[in-house]
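>>> sequence and computational prediction follow.
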Amino acid sequence: MADDLRLGLNLGYWQRDPVDATDLVRTAERLGYESVWTAEAYGSDAFTPLAWYGARTSRIKLGTSVAQMSARPPVTTAMTAMTLDHLTGGRLLLGIGASGPQVVEGWYGQPFGRPLARTREYVEIMRKVWRREEPVTSPGPHHPLPLPGGLGKPLKLITHPLRAEIPLYLGAEGPKNVALATEVAQGWLPLFAHPEKIGSMYGEALAGAGPGFDIAAMVLVVVTDDLRSALDAVKTMLTLYIGGMGARTRNFHADIVGRMGYAEAAERIQDLYLAGRRDEAFAAIPDELADGIALLGPIGRIRERLDLWRKSPVTNLLVMGPRDEPTLAVIRDLVLG
C-alpha cells in the first residue's frame with residue numbers, strides 16, 4: 001500500500017504528427033511533478049525528445065517508458081543513457097522493455113525468442129559498461145562480446161559516467177518478467193494496471209521487491225463531466241492494443257486483460273479487430289475494464305477512485321492525457337494533496 005503516491009507525466013510517443021511538449025513539461029516541473037516519460041513504438045524514438053526537454057528544464061526527472069531492447073545493442077543503450085544522464089545532471093530514469101514479436105520481428109527484423117534471458121543479459125552488459133571495472137565481455141548467447149571468432153577485443157567505456165548505477169525500470173506484463181524486474185531493476189512500468197487486481201495478479205511476482213522498489217503505473221486520466229466520452233477514449237486505446245498490437249497467437253496486452261478476468265472478451269475483441277470489424281471490437285470492450293485501469297470523470301469521482309490506487313501496490317502514477325496547466329494542477333492537487 002502506498003499512502004504517498006508519487007506523480008509523473010507520461011507523454012508516450014508521437015502519433016501521426018510530431019508534438020513538441022516543452023511548454024507542458026515545463027509546466028509539470030513547475031507544478032511539482034517528479035518525472036516526465038517518453039516512449040517509442042515504430043515512430044518517434046524515446047531518447048531524443050528527452051534530450052530536448054532535459055535541455056529546457058532543470059529538475060524534473062527524465063524517463064523512457066520504454067526504450068525497446070531490440071532497437072539497440074545493450075552497449076548502445078548504455079552509451080546513450082550515460083550521455084543523456086551527463087547532459088541532464090543525473091536526471092535519467094532508464095526504462096527498457098522487450099516489446100512484442102510483431103514489432104521485434106516485423107520492424108527490427110530480429111527473433112523474439114527468450115525475452116527473459118535476453119533482458120537479463122542486456123541489463124548485465126549495461127551495468128558492466130557503466131561501472132567501468134574492466135573491459136566489457138559477455139558470453140552471450142544473445143549479445144556475445146567480443147564477437148566469437150572475430151577480430152575485436154574487449155573494450156571499456158571511454159567516458160566516465162556521471163552515475164555508475166543509472167536507475168533502471170523494466171516494462172513488463174507477464175508475472176515472470178515482473179519478478180525479473182524486482183531482481184535486476186529499481187522499478188516496474190506496468191502499461192495496464194488495475195488497482196483492485198494488481199495485487200492478486202502479481203503478488204507472488206512482487207514478493208522479491210526490496211524497499212524503495214517503484215511500481216510506476218501508466219494511467220490515463222480524463223477530467224470531465226462526460227463520463228461516457230472518457231470511457232470511450234480508454235476503449236479506443238484498448239481496441240488497438242488488445243486487437244492489433246500483437247500477433248493473433250501472441251499478444252501480451254490481450255493476455256494481461258485475460259488475467260484481469262476478461263479472457264473471453266479479449267479473445268472476442270482480437271477476433272473482431274483482426275477481421276476488420278473494429279467498431280464491433282470497440283463495443284466488445286467492457287466499460288468496467290476501461291474504468292478500472294484509468295481515472296475518469298468529475299474531480300470528485302477521481303478523488304474517490306484514487307483511494308483504490310493508494311491501497312494498491314502502485315507507488316507512482318504516470319498520468320497520460322492531460323495537455324493543459326489547469327488539468328495538470330488539478331491532478332497534482334488530487335494526488336499529492
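Looks like it came in fine.
>>> remind me what the longest strand anywhere in the chain packs against, helices and strands.
If you go by DSSP state E, the chain has its longest strand at strand 214-223. When contacts are defined as 3 or more C-beta pairs under 8 Å, 6 or more residues apart in numbering; DSSP states H and E, strand 214-223 sits against strand 6-12, strand 187-188, helix 227-244, strand 295-297, helix 299-310, strand 316-320, helix 325-336. Yep, even glycine has a C-beta here, placed from its N, CA and C like the rest.
>>> could you report the neighbour count for residue 23?
Neighbour count of residue 23, defined by other C-beta atoms under 10 Å: 12.
>>> does it count as helix, strand or coil?
helix (DSSP: H, G, I helix; E, B strand; the rest coil).
>>> residue 324 versus that one, what's the distance?
Taking C-beta to C-beta, to the nearest Å as the measure, residue 23 falls 10 Å from residue 324.
>>> hang on, the earlier thing: pull up the pairing partners for the longest strand of the chain, direction included.
Strand pairing for strand 214-223, using DSSP bridges, gives strand 187-188 (parallel), strand 295-297 (parallel), strand 316-320 (parallel).
>>> can you tell me which of those strands is packed in deepest?
Stretch with highest mean neighbour count among those: strand 187-188 (a mean of 26; mean count of other C-beta atoms under 10 Å).
>>> so which bits of the helix or strand just after it are buried?
Downstream of strand 187-188, the next assigned helix or strand under DSSP states H and E is helix 198-202. The neighbour-count check on helix 198-202 (16 or more other C-beta atoms under 10 Å) flags 198, 201, 202 as buried.
>>> got these as TSV, with distance to residue 284 and pLDDT columns?
As requested, the buried residues of helix 198-202 are exported to TSV (distance: C-beta to C-beta, whole Å; pLDDT from 0 to 100):
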residue	distance to residue 284	pLDDT
198	23	97
201	22	95
202	26	96
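>>> can you tell me which of those lies closest to residue 226?
Residue 226 lies nearest to residue 198 out of the buried residues of helix 198-202, by C-beta to C-beta, at 27.4 Å.
>>> find the nearest non-adjacent residue to that closest one, please.
residue 312 (5.6 Å; C-beta to C-beta, 6 or more residues apart in numbering).
>>> how close does the one you found get to residue 12?
To residue 12, residue 312 is 22 Å away according to C-beta to C-beta.
>>> gap between the residue nearest to the spatial centre of the chain and residue 129?
Centroid-nearest residue in the chain, with C-alpha atoms, centre = their mean: residue 65, separated by 3.5 Å. Distance, residue 65 to residue 129, by C-beta to C-beta: 21 Å.
>>> any idea of the pLDDT on residue 3?
pLDDT, the model's per-residue confidence, is 62 for residue 3.
>>> next one: residue 335
97.
>>> partners of the nearest residue to residue 216 once chain neighbours are set aside in the sheet?
In this structure, residue 216 finds its nearest non-sequential neighbour in residue 316, 3.8 Å apart by C-beta to C-beta, 6+ apart. The partner list for residue 316 in beta bridges (DSSP bridges) reads residue 6, residue 216.
>>> I figured residue 316 hits residue 8, correct?
Yes. Using C-beta atoms under 8 Å, residue 316 makes contact with residue 8 at a distance of 6.2 Å.
>>> burial of residue 105, as a residue count?
So residue 105, with other C-beta under 10 Å, has 16 neighbours.
>>> report the contact partners of it.
Contacts of residue 105 were listed using C-beta atoms under 8 Å, 6 or more residues apart in numbering, and they are 111, 112.
>>> phi and psi next, for it.
Residue 105 adopts backbone torsions of phi -90, psi -30, taken as degrees, to the nearest 10.
>>> what do you get for residue 122?
Dihedral angles (degrees, to the nearest 10) for residue 122: phi -60, psi -50.
>>> so what sits against both of residue 316 and residue 8?
With C-beta under 8 Å, 6+ apart, residue 316 and residue 8 have common neighbours 34, 35, 216.
>>> give me the mean pLDDT for stretch 134-148.
Mean pLDDT, computed over stretch 134-148, is 97.
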